[in-house]
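Q: this one's sequence-less:
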Ligand SMILES: NC(=O)C1=CN([C@@H]2O[C@H](COP(=O)(O)OP(=O)(O)OC[C@H]3O[C@@H](n4cnc5c(N)ncnc54)[C@H](OP(=O)(O)O)[C@@H]3O)[C@@H](O)[C@H]2O)C=CC1
Ligand SMILES: Cc1cn([C@H]2C[C@H](O)[C@@H](COP(=O)(O)OP(=O)(O)O[C@H]3O[C@@H](C)C(=O)[C@@H](O)[C@H]3O)O2)c(=O)[nH]c1=O
């Protein structure tokens, strides 16, 4: 099978490259220089020329703060370009695997884990454009699986774990918000799940939206405390603060925990607890 991975040099794309290293399938990994997903003709050409049966879209506009001032570009990448991929796969009678986010939720004050069929209530441009991407897929009628995930981190690129490893090892004190609650996700865990669904073709006939994060719940403050503890960064005084004490252009969800019952029941998977995966990632980073 010919599988196109877009945005392949990002966190998830790199992890998918790791997961699929031994596969007999033909994976074609592309970043923006090889395939700009905003270019509908280039997407269509790539799909036809390589007889693509499946696209895994790892490309996105992921800068949450910057999106507030760059809404058109965020919409182009997170929604219009997703339509290009959906239409190309629809024409090829293939399947689109797309990644979305817990930030499609959050405007309403709930504290029960969010389910797949719950109405999206984004708090900012990033979440709104990601929701539009999901809607573009639904409107296209393509066979698709959408994985909403949350708080992704990995050994690669820029992410919260790497930022906090740096800050807690260099600053005497740090304030981190405790009133935004969610679940961290090790990108390698998610990539392994996607890889297995593709490798064993269990994605077939199971189209729909699925939630995936690691197990457990924490605030960004708890996440930071655990990062520092695992790394042995004991000299930094980490204090909880409210969101308004950490000024930002965008309001983030106060609660965006994802209910993962559907993905566990459908694909019979066990999901690692968030601190276990965090230990793996930090160990790998320390060994680099
Ligand atoms: N990061 C997170 O915390 C979370 C992410 N998600 C979602 O998971 C998915 C993967 O996220 P993550 O791996 O962290 O993202 P990254 O930001 O690490 O990677 C995104 C990749 O997309 C590439 N890209 C940008 N523009 C284009 C384009 N026009 N055509 C092709 N590729 C392009 C980027 O290249 P370049 O760097 O050169 O611009 C980058 O390599 C995304 O859909 C994201 O919305 C969901 C929840 C949490
Ligand atoms: C660096 C720092 C951040 N914070 C806060 C800001 C913010 O509320 C929270 C997390 O910061 P980040 O910049 O990582 O947040 P953010 O970029 O909003 O993370 C999100 O990215 C997108 C792509 C997603 O899809 C989401 O699931 C989520 O992972 O921590 C502090 O309170 N203190 C600090 O020193």
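A: Done, it's in. No experiment lies behind these values; they were computed from the predicted model shown. Ligands and ions are numbered 1, 2, ... in the order given.
Q: give me the neighbour count for the residue nearest to residue 250 when sequence neighbours are not counted.
A: In this structure, residue 250 finds its nearest non-sequential neighbour in residue 124, 3.9 Å apart by C-beta to C-beta, 6 or more residues apart in numbering. From N, CA and C alone the C-beta is placed, and that goes for glycine too. Number of residues near residue 124 (other C-beta atoms under 10 Å) recorded here: 22.
Q: what parts of the protein come near ligand 1?
A: 6-7, 9-12, 31-32, 36-38, 58-60, 62, 77, 99, 101, 130, 149-152, 157 (C-beta under 6 Å from any ligand atom).
Q: average pLDDT for stretch 58-75?
A: For stretch 58-75, the mean pLDDT works out to 98.
Q: ends of that stretch, what's the gap?
A: End-to-end distance of stretch 58-75 (C-alpha to C-alpha, to the nearest Å): 16 Å.
Q: give the buried residues for it.
A: Residues of stretch 58-75 classed as buried by neighbour count (16 or more other C-beta atoms under 10 Å): 58-62, 64, 67-68, 70, 74-75.
Q: picking that back up, inside helices: which ones of the residues of the chain next to ligand 1?
A: 11-12, 130 (DSSP state H).
Q: centroid-nearest residue for this structure?
A: residue 149 (4.8 Å; C-alpha atoms, centre = their mean).
Q: separation between that residue and ligand 2?
A: 7 Å (C-beta to the nearest ligand atom, to the nearest Å).
Q: so that residue touches residue 101, yeah?
A: Yes: using C-beta atoms under 8 Å, residue 149 makes contact with residue 101 at a distance of 6.8 Å.
Q: for the stretch 151-288 of the chain, which segments count as helices?
A: Remark: helices assigned in the stretch 151-288 of the chain by DSSP state H, counting those that start in this stretch are 160-170, 187-199, 220-231, 261-267, 274-287.
Q: of these, which is nearest residue 139?
A: Among those, helix 261-267 comes nearest to residue 139, with 22.0 Å by C-beta to C-beta.
Q: give me the nearest residue to residue 169, chain neighbours excluded.
A: Nearest residue to residue 169 in three dimensions, chain neighbours excluded: residue 233, at 4.8 Å (C-beta to C-beta, 6+ apart).
Q: how much space between the closest residue to residue 109 other than its chain neighbours and residue 18?
A: Once flanking residues are discounted, residue 109 sits nearest to residue 254: 6.6 Å by C-beta to C-beta, 6+ apart. Separation of residue 254 from residue 18 (C-beta to C-beta, to the nearest Å): 34 Å.
Q: ok, which stretches of the stretch 1-150 of the chain are strands?
A: With DSSP state E, counting those that start in this stretch as the criterion, the stretch 1-150 of the chain has strands at 2-6, 26-30, 54-57, 95-101, 143-149.
Q: deepest of the ones you listed, which one?
A: Burial of the strands of the stretch 1-150 of the chain is given as mean neighbour count (mean count of other C-beta atoms under 10 Å); strand 54-57 ranks first at a mean of 27.
Q: show me how far that strand is from its chain's centre.
A: Its chain's C-alpha centre and that of strand 54-57 lie 14 Å apart, by C-alpha atoms, centre = their mean, to the nearest Å.
Q: same question, stretch 35-53
A: 22 Å.
Q: same question for stretch 148-168.
A: 12 Å.
Q: between its first and last residues, how far does that stretch reach?
A: Length of stretch 148-168, first residue to last, C-alpha to C-alpha: 29 Å.
Q: likewise stretch 201-217?
A: Where stretch 201-217 begins and where it ends lie 31 Å apart, using C-alpha to C-alpha.
Q: what sits against the closest residue to residue 234 other than its chain neighbours?
A: Distance criterion C-beta to C-beta, 6+ apart; nearest residue to residue 234, sequence neighbours excluded, is residue 228 at 7.3 Å. Each residue near residue 228 by C-beta atoms under 8 Å, 6 or more residues apart in numbering is listed here: 164, 168, 234, 236, 238.
Q: now with 7 Å?
A: The contact partners of residue 228, taken as C-beta atoms under 7 Å, 6 or more residues apart in numbering, are 168, 236, 238.
Q: what's the answer for residue 102, then?
A: 148, 150, 182, 253, 256, 258.
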